[in-house]
Structure formats: structure tokens, C-alpha cells
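Asker: Okay, predicted coordinates and the sequence, questions at the end:
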Amino acid sequence: MHDIRWRKTIPLVAGAAALALALGGCAPSGTQTTGERPLRVWSGSMTPIANNFNPFAVDTAAHLTFGAIYEPLFFFNQLSAEAPVGLIGDSFEFNDDGTVLTIRIKPDQKWSDDADLTAEDVAFSLGYGSNRDPDTVSIEATDATTVIVTYSSPKFTAASMILGATFIVPEHIWSKITDYMSETNPKPVGSGPYVLKTFTDAAYTLEANPLFREGAPDIKKVQDVGIDSNQSAEDLLKTGELDWVGQFVANPDGVTGSGRVATMNQQQDPTVIMTCADAALGCKGAQTDPAVRQALNAAMDRASISKKAFAGLAGESSPSFALLPRDEKWLSDPSLATSPQRADAAEAGRILEAAGYTKDADGFYGKDGTAIELDLFSPDGWTDYNDAAKLIAAQAAKAGIRVNARTVSEAEYWTPVSNGDFQLALYGLTQSLVADPFSNYDQYFATGATAKVGEMPAKGQNYARYSNADVDAAVAAAGATQDEGVKKEAYARIQAQIAQDLPYIPVVLNASQAFYSTAEFAGSPTADDLYANPLPYLSTASAVILTHLHPVEK
Amino acid sequence: MRFWTRRVVFYVITLWAAVSLNFLLPRMMPGDPAAIMIGKLRRASGGRPLSEATITSIHALLGTGKDTSLWDQYLVYWGRMLQGDLGVSSTRYPASVGDLIADALPWTVTLVGTATVISFVIGIVAGAWAGWRRGTWVDQLVPVTTFLQSIPYFWLALVLVAVFSVQLGLLPIFGGYGVFEYPAGPEWSLGFLGSVVVHALLPATTIVISSVGGWLLGMRNMMVQEMAEDYVLTAEAKGLRPSRIRRAYAARNAAIPSLAGFGIALGFVVAGSIVTEQVFSYPGIGKLMIQAVQGLDYALMQGVFLVITLTVLAANVLVDLLYGFIDPRVRRNG
């Protein structure tokens, strides 16, 4: 098509401008048949894209490595409470105390290089590199489709990690790779629905894997491009050049107005004010007093924060840190369903006065002659966080609490956060990937997941330095059982404690907007059929969606 | 000869100072790159415990081991520099910094270089004209172009994209070439070359619009000044054609200061135009620089700064040499 166009235009080319008009008018898709048109996705990569398809490089590998090329055993849908869907795996079961995991995989699977995918590969992958759980006792492939893994401690709660986020790699290739961290794996051999076709630092293209166990998917080609600004991606969506993105758009109607693009907004990850909570671990400042945190919690006008800072797209967060309605059955007390949405300055004042604080001449609370003065910081350029911080500071001032909002460079943000050298930070927690808030409690609230101020937690992300023996005991109890009754009782104890102590003061649930072309491709998740979260940067979920899509017949 | 020796010694010392500063600056930045990377890994791996070995290897990789002194790091740094080894990028691990820069440099030099030259030529020609016809309507060029220059670049680019790319659909929205048409990357064909030119048009236009005013203003004012000189009066008295006086007499002398500025501007071409590259997702050095700073990627930061420093120095040498030839006074007093 280009060639023909060129021959016509060459005599006309008087300069760059004429050339621009000629080529610019040559729209990229028009004459191609629908079957050949690649699905174009922006999974959030910036240019230049690193040529890295190593599934162990969780942070730097190309996004479609995870799911489209390499697969885990099962797909855990973070939007539903239903049982996980088998990918390579067919079924799994734990023994009664959760230490022996038996996995059965589907028969007759192939790697994309035509080698057989057997239980040996699965056993190898579960014990390889960073996949290996430190508690592993033995991993055995007992026949071609069965793997039995033995652990020294119960692994009920790690199921989504072991089965849903461990990417299975071919033993015949990876057993020869000595340094799995620095490998870039430019020619990936996987089991997923797609194989790598071409790579450039501006975009890479995958094509359907004919050896995929369910047969090659309907979408024959997928191109993942690198884009540096959200505005460009939004423009490309509007002009129909891009088919699928997951990004924040303040005015989604502007994109979906044409009727060719649909959107979905799932509110999942909590944005919180993370406090350095425990003075015993070295935290300094008034926020180490739970009364101050409770007062802040009451002083916030979440409705206006959501509207002004998050463009009205954010959801209402819950002090129980269970995701509602997904985790409905784990919520112990309906009063913990949502944090108060309106400011209650009087209530904040009552809490502080009950704890012995008094107002000074300027109208700010303090104790023993020193006014409360808290430092709240957020990374410069995260405009929603910056705005939210300013609003919180203003709302706190109305309730007589002095909060100074400031912004820091991203580099200056992470170091104090991980070292505990802060008072208040606006922070985003990662929601549990399964319909069970366990990982939220285990990762963010357990003492084992924290460290003294000045040190980084060795495991977990309890940067709030929260430590509560009751919570620890309940987390341990919940992790060692599959009995719902026992778990509910344990969660009730945790929720009561953390909603009272508020080491993380909930602000909103972040919006996560996805936009996808319905003019070119059909089969995306709908509100009635949420088979996967339609965000292209999510591992595995993105591949599950790709296999569900098909070109629109024209 | 003494002039040249002094120049050479001066540049060697400047080079040493620049390279040493290049070593120090990133280390004076706040934040710990290892903490950033470990934090990212934590979040990316969804809470899988990071082994001690992983954490150690990240510290080793980023050269942030607390047991090596700054002086030792400095020596190692010079050793690597002299071998031309710029290290490995941590934000794009394990890509080498040299490769990243080599991939980005041609795009930046072509786009920003061409735009700078075009902007300079337009500015000088229009400035000379405006100076010649001072007091007429042509003087309006000055406020118009300086106004255009004062529009925030970011906003100007977004508006142009919204009009020419989104509304009219004439020009592409992003990239250095059509990634949708050429999924396999750059190739040697007319079609691809055309795609590159088309993709460069809008970014180049924005750069020209936002920089031409400065050249024009400077040139116009110099022109007005030169026109008042005695030699112009003499030339007029001798009955030379006005066009000859304008070009060969006044404009030629008026352009000298601008030429010096142009030399410096060329030196900064390599630094790219950070905002341009960001708005248009255009491949280039400026973007590498900003990503390196945000991700505390010391190796990449140093590599980019080094390349920029070297080109600015080289441009200075060039301007120095040119001046030495053009203007004998500089040689004698220097």
C-alpha cells in the first residue's frame, strides 16, 4: 500500500510539508483486512523498551512476558471470589495441614519450540531461582502430569503466589542458564498463547502460538508499544490507532463518546496516609499517638478529596482493608464497610481532648505546650496525591491539627518510606489479588513484615512500623487454616484492631481505568461477565483477555 | 602559538573538572537507588520474599555498597571512563549505557540539530530584514515571535497535536517513526524515511516556533546598530546597491554575535529537548536523562551527562577556533 502511494506522490513532493500531507493522509489501518490487523496495546511501557523477556525480571521485563508468553499454573481473577481457572494446571489440593500441595496439570501440552511440557518442567520451575519458597522441603514429579510439593509450614495463603504468580519455564532451556537475574531471554520459549515475533525499542509484536494447548487464539497479532505520555495514548485511542490501554483519563467521556471505545473503572488499590506508627520501633512525631491518627481520620472530608483530587473516579475505602463487595463475607462488622466520607471536625476535637490535648491561641491542638505539627509528603508529579495532600492539610487545619503537605522527588520519596524516616506519607497499597484480604494483613500489618526505623523490612511491606501482638496472633491463626469459621474470627480481631489503631488511614480506593476498542475487537469483560480485570499491564489477566477476544466481523 | 597552548591547557583542565563533577553530582543527589529498586521489586513481585542474595546482588549492581570509599569509587570511575565503558543501566537492566545512548543520539541530533539550524537561519534572515526595514510594519515580527517564544512549550505542543494530529489527522501523534506500519523497526526504504520525516515535522515545528524569536530579536537589534555605523553611510554615499549594503555590509557584521550564540546552541543540541521528547514519545537523549534522574540510575545519568559535557566543550572549541580566525583581536588578547 505504501509503495503505490509513493509512486503517486513522488512527483508532488515539493518539500517536507507536501510529504507530510501525503503520508499523514495514508491512514495506517484502513485497507488491511480485519484478521490481519494487530491488536495494539499500550501496557504502560515508556520508550526505549528494554529487550528483556525474562520472567524472573518482574520489574524490567516487557509486560506481555507475563501471561502471554509465560504462564502460571492457574489464573486467579482478582475481581471475583470464584475458584481459580486452570491454565497449565488442571487441579490442585492441599493436605489437611497445608504442607503438601498436589498439582495436576493438563495433559499433552507443548512449549512453543515443540518440546513437551510435562510435570518435570513444573517441578523444575517451582524450585528454580526466586520461585523457590524458602520453606520448600521437596518437589517431586510423580508422573507426567502430577507434581507433589512439600513445605515445612502451611501454605494455604500462598496458593495465589505459588499457583497464580509463578511462571512456568521450560527445564530444557532454563537448566542451562546460570544467572537467572541477568538473563535477558531475547528469544523466549513459553507455553502461553503468544510467541515473540519482532522486537524494537519502540514496540514489540507477538503472534499467535500455533502450539498453544487451546489452539492459536483468534487475535493473530498483538503489538505492545512504548509511549511516554498519557496524553499521547489518549489521543491515539480517540483516533482509533490504539486498541487497549489502562491509564488515568480525567474525562473518560471524551474518549468513549465516539462509541468505538468502551471503558471500565475498577476501584481496587487503597490510597492511604501511611503513618510511622510505633514509637517503640523508632518512629518520631505526634502521629505515633493513635488518638492523633483517629482525629485525622475524622477530620478528613473524603468525598471532597475524591471529587477534587481524584476526578470523582475513586472509590470509597474501608478501614477493614477488605475489598468490597468482593470480600463481603470476610467483613466482620458492617460499620467498618467504609470510612466516614464527610469531615467531622467536632469529633476530631473530642478525640484529641479526651487524649489530653488542648487548643492553643492559634486554634491548633497540642500537648504540654507543643502543638501537633505533622509532615505529610508525596512524590512530586503524582498530581492526584499532591492535590489530596493539600486538601488533607486544609481539612486537618479546620479541625485544629497542623499538617504540612509537601512534595519531594520520587527519589527522595522511596528512601524515607522504606527506612521509616517519615511522619505521614501518602502511599498506595496493593490490594490482595484473591478474594481474601489475608495478604493485606500479612504484608502491611504484621510485625514480621516490618523493621526498626533505619532498616528496611526484610520481608513484607509494613513500612508503617505497625506492631500489634493481637494482630500478629490472628494473622498467624488465619494463615494456618482453611476453615472459614476460624478465619472469620481471626479477621474480626484484625479488623477491630486496625480500624482502631489506623496505622494506615484510608483515603480512597484508586481508580484503575481501562479503555478498549469495541469497534475492532469483541469479547472484552463486561459488568456482567468480569472474567478478568481488563488492565493491559496486569500479568496473566491481560493474556486471559487476549484469548477471549476476537476480531469484529465487518 | 602561545594563544593555542593556553587554550589547549584550559580545555584539558575544563574536561577534567567536568568529568569529575559528573562523578560527584549524582552522588550528591538525595535518595538511595538500591532502596528504590528493592521497593519496586517488592511491589512488582506481589510480596514474594526477596532473598538475601537478591538484595546483595542489587547493592553490588548499583555500586552502593557502603564499604567502598568515595575515592575508590572515583578511581574505578576514571578507569572505566578511559576504557570507554559507561556501565550498565539499572532502570533498563541489563542494557548497557553505551548502547542506550548510541540508539538515542542519532534521533536527537537529527531532530534538534535540524530544528536549531532552521530556527537560526529563519531568525537571522528575518532579523536582518526587520532591522533593515525598521520603523515599518515589519517591526511587528519582533513582538509576534517573542510572544510565540513565551508560550509554555508543553502547552504549545499539546495544542498543535490536538489540532493537526487529532482533529485534522494530518500528522502522527507520537514516536520517531510509524511503529504501527513498521513493527520490525527501522529499515532502509523510502517509505520508512518518509515516515521519519513526517514524524519529525511537528516536534521540529514546535522547537522552531519556540526558539526563533530570540535569534530574530538579537539579529534585528545588531542590524539596527550596524546600520548606524559610518562604513554603511560611506557605502551608501558611494552609491552601492541597497541589497548589497544590506547583505555584504550590515548583515555580515551584525551576524557575528549570533554566530557565537549558535555555536553554543549547537553544543546543547545533544542534550535534546526533554519536553519535546516526552510529549511526542520521541526517542532521544533528553528522555534518557530524565528517566535516569527519576530512577536514580547513576550509570545512565553519568553517561548522558558525559556525552552532553563533551559536546558542549567541543562546540566551545569550535567557536573559539572560528573566532580566532575571524577576529584577530581575540587571538592577541586571549
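Answerer: Yep, that arrived.
Asker: pull the longest helix from chain B.
Answerer: Using DSSP state H to define each element, chain B has its longest helix at helix B:97-132.
Asker: right, and the helix or strand after it?
Answerer: Toward the C-terminal end, the helix or strand that comes next after helix B:97-132 (DSSP states H and E) is helix B:141-150.
Asker: Where does the residue sitting nearest the centre point of chain A fall, secondary structure wise?
Answerer: Centroid check for chain A by Cα atoms, centre = their mean gives residue A:430 as the closest residue, at 5.8 Å. If you go by DSSP H and E, residue A:430 is not part of any helix or strand.
Asker: okay, the angle between the longest helix of chain B and helix B:141-150?
Answerer: Angle, helix B:97-132 to helix B:141-150, by axes from the mean of the first three to the mean of the last three Cα atoms, to 10 degrees: 160 degrees.
Asker: Mind listing what's buried along helix B:97-132?
Answerer: The neighbour-count check on helix B:97-132 (16 or more other Cβ atoms under 10 Å in any protein chain shown) flags B:97-101, B:103-105, B:107-112, B:115-116, B:118-120, B:122-124, B:126-132 as buried. The C-beta positions use only the backbone N, C-alpha and C, and glycine is treated the same way.
Asker: How about stretch A:65-80?
Answerer: The neighbour-count check on stretch A:65-80 (16+ other Cβ under 10 Å) flags A:65-79 as buried.
Asker: Could you report the pLDDT at whichever residue of the stretch 151-300 of chain B sits closest to chain A?
Answerer: Proximity of the stretch 151-300 of chain B to chain A (Cβ to the nearest Cβ) peaks at residue B:185, 3.4 Å away. Looking at residue B:185, its pLDDT is 85.
Asker: What strand or helix carries the residue of the stretch 401-550 of chain A found nearest chain B?
Answerer: Among all residues of the stretch 401-550 of chain A, residue A:411 sits closest to chain B, at 3.4 Å; criterion: Cβ to the nearest Cβ. Using DSSP H and E, residue A:411 sits within helix A:410-419.
Asker: What is that helix packed up against?
Answerer: strand A:373-379, strand A:424-428, helix B:33-44, helix B:285-294 (3 or more Cβ pairs under 8 Å, 6 or more residues apart in numbering or on different chains; DSSP states H and E).
Asker: what residues does the stretch 101-250 of chain B put near chain A?
Answerer: Contacts of the stretch 101-250 of chain B with chain A, taken as Cβ under 8 Å from any Cβ of the partner chain, map to B:103-104, B:158, B:161-162, B:165-166, B:169-181, B:183-186, B:190-191, B:194-195, B:197-198, B:201.
Asker: Filter the residues you listed down to the ones in strands?
Answerer: Among these, no member is found in strands (DSSP state E).
Asker: before we move on, the earlier item: between the helices and strands packed on helix A:410-419, which gets the lowest average pLDDT?
Answerer: helix B:33-44 (a mean of 68).
Asker: quick one: low-confidence parts of the stretch 51-200 of chain A?
Answerer: Applying pLDDT under 70 to the stretch 51-200 of chain A picks out no residues at all.
Asker: now what about the helix holding residue A:411, what contacts it?
Answerer: With contacts defined as Cβ atoms under 8 Å, 6 or more residues apart in numbering or on different chains, helix A:410-419 is touched by A:274, A:377-381, A:421-422, A:425, A:427, A:453-457, A:463, B:29-33, B:35-36, B:38-39, B:293-296.
Asker: After the top helix by length along chain A, which helix or strand is next?
Answerer: Ranked by residue count, the top helix of chain A under DSSP H comes out as helix A:484-501. Using DSSP H and E, the helix or strand that follows helix A:484-501 in sequence is strand A:504-517.
Asker: Just checking the very next helix or strand once past that next one against chain B, any contact.
Answerer: Where DSSP H and E defines the elements, the next helix or strand beyond strand A:504-517 is strand A:521-522. No: judged by Cβ under 8 Å from any Cβ, strand A:521-522 makes no contact with chain B; its nearest approach is 15.5 Å.
Asker: Strand A:521-522 packs against which elements?
Answerer: Using 3+ Cβ pairs under 8 Å, 6+ apart: strand A:521-522 touches strand A:550-551.
Asker: which residues does the residue in the stretch 101-250 of chain A positioned nearest to chain B contact?
Answerer: At 3.4 Å from chain B, residue A:200 is the closest residue in the stretch 101-250 of chain A, using Cβ to the nearest Cβ. With contact set as Cβ under 8 Å, 6+ apart, residue A:200 has these partners: A:49, B:179, B:183, B:184, B:185, B:186.
Asker: Just among these, which is most surrounded?
Answerer: Most neighbours among the contacts of residue A:200, by other Cβ atoms under 10 Å in any protein chain shown: residue B:179, with 27 neighbours.
Asker: got the contact list for the closest residue to it other than its chain neighbours?
Answerer: Nearest non-adjacent residue to residue B:179, counting by Cβ to Cβ, 6 or more residues apart in numbering or on different chains: residue A:203, 4.2 Å away. If you count contacts by Cβ under 8 Å, 6+ apart, residue A:203 has them with A:49, A:223, A:224, A:225, A:226, B:179, B:180, B:183.
Asker: Would you double-check that the second one falls in a strand?
Answerer: In this case it means residue A:223. Yes: under DSSP: H, G, I helix; E, B strand; the rest coil, residue A:223 falls within a strand.
Asker: so what's the nearest residue to residue A:552 once chain neighbours are set aside up against?
Answerer: Closest residue to residue A:552 apart from its sequence neighbours, by Cβ to Cβ, 6+ apart: residue A:522 at 5.2 Å. Counting by Cβ under 8 Å, 6+ apart, residue A:522 makes contact with A:549, A:550, A:551, A:552.
Asker: Of the residues you listed, keep whichever come out buried.
Answerer: In these, the ones that pass as buried (16+ other Cβ under 10 Å) are A:549, A:551.
Asker: Could you dump the contacts of residue A:522 into TSV and include pLDDT?
Answerer: Converted to TSV, those look like this (pLDDT from 0 to 100):
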residue	pLDDT
A:549	95
A:550	93
A:551	93
A:552	90
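Asker: Contact partners for the residue nearest to residue A:226 when sequence neighbours are not counted?
Answerer: Closest residue in space to residue A:226, ignoring its immediate chain neighbours: residue A:47 at 3.7 Å, by Cβ to Cβ, 6+ apart. Going by Cβ under 8 Å, 6+ apart, residue A:47 touches A:201, A:202, A:226, A:227, A:228, B:175, B:281, B:283, B:287.
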